[in-house]
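A.B. asks: predicted structure and sequence below. I'll ask about it afterward.
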Amino acid sequence: MTDRWQDLDDGERETARAVFTALDGARALTDAAMQAGPSISAIWSALVTGRPLPPGIVPSADFDALLVDAATIAIPRQAAAATPDSGIDRQAEGARLRVIPSRGGPGQSYLTITFEDQTTGAARLIAVIDGAEPLEIALPVPVAGAVQLLLDNSEPILAALTDPDSRLFLV
């Protein structure tokens, strides 16, 4: 082959077009895969090993299904929004999650998770809201079937707990 397009014969031009079309298609596939977020296997690996979720996750039915499979307890959407001032109370079979404003420190709240079975536990709480990356927070080891954390009211996880469309997973 030569370096100049006009020096190519018809067969060489067709070959060059085919090569560039294939390269352009491969680049488009790679770009789409990179924009789609992390692979299912990377997400599953993070869920089962306790590592943080990879960035760029787009919530979907497949992602929710992975979370349901990995979760100790899944807390579905709630009927109505809660307000942080009056407290948040969400529950599902196996656990109850409550957020109560702190009396000692303004701008802080206590997150308490109580497990029905005291042998049940979870390493983290993951909140999923459509259209946003999932939020996660590490949980301490349960004591007498309960976990309690003091959180700043500006924590994004508290806003997710008040959203009626959020789904919560104890993993």
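C.D. replies: Sure, I can see it. Residues are numbered from 1 along each chain as shown.

A.B. asks: skipping adjacent residues, who's closest to the residue nearest the centre of the chain in space?
C.D. replies: In the chain, the centroid-proximal residue (CA atoms, centre = their mean) is residue 134; its distance is 2.8 Å. Nearest residue to residue 134 in three dimensions, chain neighbours excluded: residue 128, at 4.8 Å (CB to CB, 6 or more residues apart in numbering). Just so you know, the C-beta spots here come from the backbone N, C-alpha and C atoms, and that holds for glycine as well.

A.B. asks: that older thread, doesn't residue 156 make contact with the residue nearest to the centre of the chain?
C.D. replies: No: in this structure, residue 134 is not within contact of residue 156 by CB atoms under 8 Å, at 10.7 Å.

A.B. asks: rewinding a little: ok, the residue nearest to the centre of the chain to residue 125 distance?
C.D. replies: Using CB to CB, to the nearest Å, residue 134 is found at 10 Å from residue 125.

A.B. asks: list the contacts for the residue nearest to the centre of the chain?
C.D. replies: Residues in contact with residue 134 (CB atoms under 8 Å, 6 or more residues apart in numbering) are 53, 57, 59, 63, 126, 127, 128.

A.B. asks: swap in residue 136?
C.D. replies: So residue 136 contacts 52, 53, 124, 125, 126, 127, 157 (CB under 8 Å, 6+ apart).

A.B. asks: this completes my enquiry, with thanks.
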